[in-house]
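J.: Got a predicted structure plus its sequence, pasted below:
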Amino acid sequence: MTYGSGTTGAPGTGTAGAAGAGAAGTGALTSVFVRIKLSLLRNGLRQSSGRTAVFVVSIVFALLFAAGQLLGMLLLRGHAQAATLAVLLTAVTALGWAVMPLFFPSGDETLDPTRLVMLPLRAGPLVWALLVASLVGIGPLFTLCLAVGAGISVAHGAFAVAVAVFAVPLVLLVCLALARAVAAANIRLLTSRKGRDLALLSGLVVAIGIQVVNFGAQRLGQAGGLARLEPAADVARWVPPASAVGAVDSASRGAYGAAVAQLLLSVVALAALLYWWQRSLTKLMTAPDGSTVAAAGTDTGRGGSGAGWARLLPEGRTGAVVQRALRYAWRDPKAKSGWVTALALGLIVPVFNALQGHGSVYWACFAAGLLGTLMYNQFGQDTSAFWIVAMTVSSKRDAYVELRARAVALLLVTLPYATLVTVVTVAVLGDWGVLAEGLGLSYGLLGAMLGVGAWASAFFPYSIPQDSAYKNAAPGQGGLAWASMMGGMLLAAVLCGPLIAVAVWTHVASAEPWVLLPLGAVWGALLTWGGLHLAAGRTARRLPEILTAVSKA
């Protein structure tokens, strides 16, 4: 199959493509794609000195980490659990390659094969050319170091070394083919709005991964150590590409039949991935793109999806603003990213600490504090569309109702969720006597964060770029954003001082802590009310200045 300039191809395109491919040859095409990859890297670094500095720093850190990992694997040579660790590290690395295109689709321009749709190229040579071009980069270098270290750590004997010579490059090729095949199969999704939403959640995945790694490391530090991983390693050594490393270990132990079978598994997996990749390219570049039609149909069907719950909201500005805020939280990629991150981390951090045996009910307040940050920079979330809101605000009362409705929209989700997190944390701890104390402190902190967030929104507004997935403030406003967030969080903690003092008193005087529940709820409501009134006056007086500040992106 030869790709043409349209979905069916113009007359003579296939012949010209075949002739061109035959004349150039796979080797020449591969050379061209390698040079293209190098040119993309070089031209990208020329865009700005900041990007060059980030690239250089990332290379240095990647090389240092790869060297440390390689040294660590070499030191494990001869250890009883060396094979277990080598196999599992290879499996985790392959998993990272599989999900990388889903969360970082713009990290490599050559991951998008639709850029080549106008070129008369055959799928077979194109697959090999892109595969070889994929060897250029920091990721492949790190993976190669890991594979070399894993192979050396488990290779004992001449036959095992011979198997390792084939296993090491096989691991690298399977990882690269896996990433490319996944990207080609999902490129329509990754270049759509849902794909951009998925990319914005990459920070959440990293944060959750850090918590999982931390939890796992603490578990491994207890009795048993790496021996706890042996059951998982026994399964992973038969899953490509970890099976290639498992083949080296089997050869070292004299299980030659198992070694050949495990090595063949990785070879078959590589062939299957290349075939899948080629089929995806053929379908992608010759079939019409119906994603827009499907999206349009989906949007049409959703037209009245909010009619049911919207009828429960009050009439007037309050109901309209609550509905708008909730719709933004669901549809806007950056707002959705903030919500999902706060909801996930707000539950993971206290529960994981409780599971590790050194948690407390006070960790449940982390959810309230994290969810409360969503109240900050409310007007910046509107970007330049804030002028629509500004046109409807003519008095302090209007500004107060606007901010109060935004706080209500947050409370509809954050209040029950903070309660849920506290109850789950207490259940894991097994100490129901501290439930009232935990709920009171959580409610007080949430109210303080909402009040201070409203105040910071009016006094320190800043613009949020919509064309960047990772920038949360316009150039020149980064310091303002950090000062607003960090200063506001410190101020909220100070405002919760009376609740903290009462909590300390209940422990010192051995009093019942149930009083903290109503006290925390009332104190949080007062702080929210006070912050909204302070912010309303400022908002009504400085609408033009706020609009200017949030329109700089």
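T.: Cool, the structure landed.
J.: Tell me the helices and strands packed up against whatever helix or strand Ala177 lives in.
T.: Using DSSP states H and E, Ala177 falls within helix 158-185. Judged by 3 or more Cβ pairs under 8 Å, 6 or more residues apart in numbering; DSSP states H and E, helix 158-185 is in contact with helix 82-103, helix 123-133, helix 138-154, helix 242-252, helix 256-286. Yep, even glycine has a C-beta here, placed from its N, CA and C like the rest.
J.: how about low-confidence regions in the stretch 451-553 of the chain?
T.: Residue ranges of the stretch 451-553 of the chain with pLDDT under 70: 466-476, 478, 553.
J.: Okay, helices next: where are they in it?
T.: Secondary structure of the stretch 451-553 of the chain (DSSP state H, counting those that start in this stretch): helices located at 478-495, 497-508, 516-541, 543-550.
J.: then stretch 487-502 to CSV, C-alphas only?
T.: C-alpha atoms of stretch 487-502 as CSV (Å, rounded to 0.1, in the frame of the first residue of the first chain):
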residue,chain,number,x,y,z
GLY,A,487,0.7,33.5,50.7
GLY,A,488,-3.0,32.6,50.6
MET,A,489,-2.3,29.1,51.9
LEU,A,490,-0.2,30.4,54.8
LEU,A,491,-2.9,33.0,55.6
ALA,A,492,-5.6,30.3,55.6
ALA,A,493,-3.4,28.2,58.0
VAL,A,494,-3.1,31.2,60.3
LEU,A,495,-6.9,31.9,60.2
CYS,A,496,-7.4,28.3,61.4
GLY,A,497,-5.3,29.0,64.4
PRO,A,498,-8.3,29.2,66.8
LEU,A,499,-9.4,25.7,65.7
ILE,A,500,-5.9,24.3,66.1
ALA,A,501,-5.8,25.9,69.6
VAL,A,502,-9.1,24.2,70.6
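J.: Need the contact partners of it.
T.: With Cβ atoms under 8 Å, 6 or more residues apart in numbering as the test, stretch 487-502 has contacts from 369, 372-373, 376, 440-441, 444-445, 448-449, 451-453, 455-456, 515-516, 519-520, 523, 527.
J.: and with 7 Å instead?
T.: By Cβ atoms under 7 Å, 6 or more residues apart in numbering, the residues outside stretch 487-502 that reach it are 376, 440-441, 444-445, 448-449, 452-453, 456, 516, 519-520, 523, 527.
J.: Likewise for stretch 263-278?
T.: In contact with stretch 263-278 (Cβ under 7 Å, 6+ apart) are residues 123-124, 127, 163, 166-167, 170, 173-174, 177-178, 180-181, 184, 238, 240-241, 243-244, 247.
J.: Give me whichever of the helices and strands packed on helix 158-185 is most buried.
T.: helix 242-252 (a mean of 29; mean count of other Cβ atoms under 10 Å).
J.: what's that one packed up against?
T.: Helix 242-252 makes packing contacts with helix 82-103, helix 138-154, helix 158-185, helix 256-286 when contacts are defined by 3 or more Cβ pairs under 7 Å, 6 or more residues apart in numbering; DSSP states H and E.
J.: again, only using 10 Å
T.: helix 82-103, helix 138-154, helix 158-185, helix 230-236, helix 256-286 (3 or more Cβ pairs under 10 Å, 6 or more residues apart in numbering; DSSP states H and E).
J.: angle of the helix holding Ala177 against helix 256-286?
T.: 20 degrees (axes from the mean of the first three to the mean of the last three Cα atoms, to 10 degrees).
J.: Next, count neighbours for Leu176.
T.: When neighbours are defined as other Cβ atoms under 10 Å, Leu176 has 23 of them.
J.: Touching, it and Trp128? I think so.
T.: No: with contacts counted by Cβ atoms under 10 Å, Leu176 stays clear of Trp128, the gap being 11.5 Å.
J.: tell me the contacts of the closest residue to Tyr400 other than its chain neighbours?
T.: Leaving aside its sequence neighbours, Tyr400 sits nearest to Ala536 (Cβ to Cβ, 6 or more residues apart in numbering; 3.7 Å). Taking Cβ atoms under 10 Å, 6 or more residues apart in numbering, we find Ala536 in contact with 393, 395-404, 454-455, 458.
J.: what about Ala536, distance to Arg406?
T.: 12 Å (Cβ to Cβ, to the nearest Å).
J.: which residues do these two both contact?
T.: Ala454.
J.: now Thr548: how far from Ser384?
T.: 10 Å.
J.: Mutual contacts of these two, please.
T.: The contact sets of Thr548 and Ser384 overlap at Ser463 (Cβ under 10 Å, 6+ apart).
J.: Where does pLDDT dip in the stretch 201-350 of the chain?
T.: Using pLDDT under 70, the stretch 201-350 of the chain drops low at 201-227, 285, 287-310.
J.: ok, and the closest non-adjacent residue to His507?
T.: Pro513 (7.9 Å).
J.: ok, the one you found touching Gly433?
T.: Yes: the pair Pro513 / Gly433 is scored as a contact, 7.6 Å apart, by Cβ under 10 Å.
J.: Who has more neighbours out of those two?
T.: Ranked by neighbour count (other Cβ under 10 Å), Pro513 and Gly433 place Pro513 first, with 20 against 11.
J.: domain parsing for the chain?
T.: Here the domain assignment for the chain is 13-286, 312-550, based on automatic domain parsing.
J.: ok, back up a step: so how do I select the buried members of the contacts of stretch 263-278 in PyMOL?
T.: For anyone working in PyMOL, the buried entries among the contacts of stretch 263-278, judged by 16 or more other Cβ atoms under 10 Å, can be selected with:
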select buried, resi 123+127+163+166+167+170+173+174+177+178+180+181+184+240+241+243+244+247
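J.: that older thread, where do the contact lists of Pro513 and Gly433 overlap?
T.: In contact with both Pro513 and Gly433: Val361, using Cβ under 10 Å, 6+ apart.
J.: Going by secondary structure, Leu119 is in what exactly?
T.: Leu119 belongs to no helix or strand, assigned by DSSP H and E.
J.: And for it, the neighbour number?
T.: Using other Cβ under 10 Å: Leu119 sits among 14 other residues.
J.: surely it meets Ile36?
T.: No: here Leu119 lies out of contact with Ile36, judged by Cβ under 10 Å, at a distance of 11.3 Å.
J.: Which pLDDT value does the model give the closest residue in space to Asp398 that isn't next to it in sequence?
T.: Nearest residue to Asp398, sequence neighbours excluded (Cβ to Cβ, 6+ apart): Thr392, at 6.7 Å. At Thr392, the pLDDT value in this model is 89.
J.: Does Thr392 touch Glu402 like I think?
T.: Yes: counting by Cβ under 10 Å, Thr392 touches Glu402, with 7.9 Å between them.
J.: More neighbours: these two, which one.
T.: Between Thr392 and Glu402, Glu402 has the larger neighbour count (other Cβ under 10 Å), namely 25 against 13.
J.: The more buried one reaches Ile388, doesn't it?
T.: No: applying Cβ under 10 Å as the test, Glu402 and Ile388 come out as separate, 11.4 Å apart.
J.: what residues are up against the residue nearest to His507?
T.: Here Pro513 is in contact with 361, 433-438, 440-441, 502-503, 505-507 (Cβ under 10 Å, 6+ apart).
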